[in-house]
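Sequence and predicted model, in that order:
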Amino acid sequence: MGQPLPDRIANAPELYEGLGLYLQAFNDLDSERSHAMGVSRIPWSKIHHYAKANEFSEEQKDDLLYLIQAMDRNHCEKLNEKSKQTNG
């Protein structure tokens, strides 16, 4: 459209090889959370089910749990900060 790319896209970080799997998992699992009562974490059971359904190895399951929980913690903190700024 003749517009420059937004900075966050033009300067997006590159993932190390193999980490795209976990970013995709986070995006998939993000849709599983409930926001009915505000910001909520992705349940452990959903992460475990995702690993099982996608036939992750034991090492991949351990990595998935660690990485999803770390990304989710950061994501929830940002959502909470944004909500505080919006709601005063």
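Right, received. Where do you want to start?

where's the spatially most central residue of the chain relative to residue 85, distance?
Residue closest to the average C-alpha location in the chain (C-alpha atoms, centre = their mean): residue 26, at 3.6 Å. When C-beta to C-beta, to the nearest Å is the yardstick, residue 26 and residue 85 sit 24 Å from each other. Every residue, glycine included, has its C-beta placed from N, CA and C.

in what helix or strand does the residue nearest to the centre of the chain lie?
Following DSSP states H and E, one finds residue 26 within helix 20-30.

how about the nearest residue to residue 79, chain neighbours excluded?
residue 39 (4.8 Å; C-beta to C-beta, 6 or more residues apart in numbering).

Which strands and helices lie in contact with the helix holding residue 26?
Using 3 or more C-beta pairs under 8 Å, 6 or more residues apart in numbering; DSSP states H and E as the contact criterion, the elements in contact with helix 20-30 are helix 44-53, helix 58-87.
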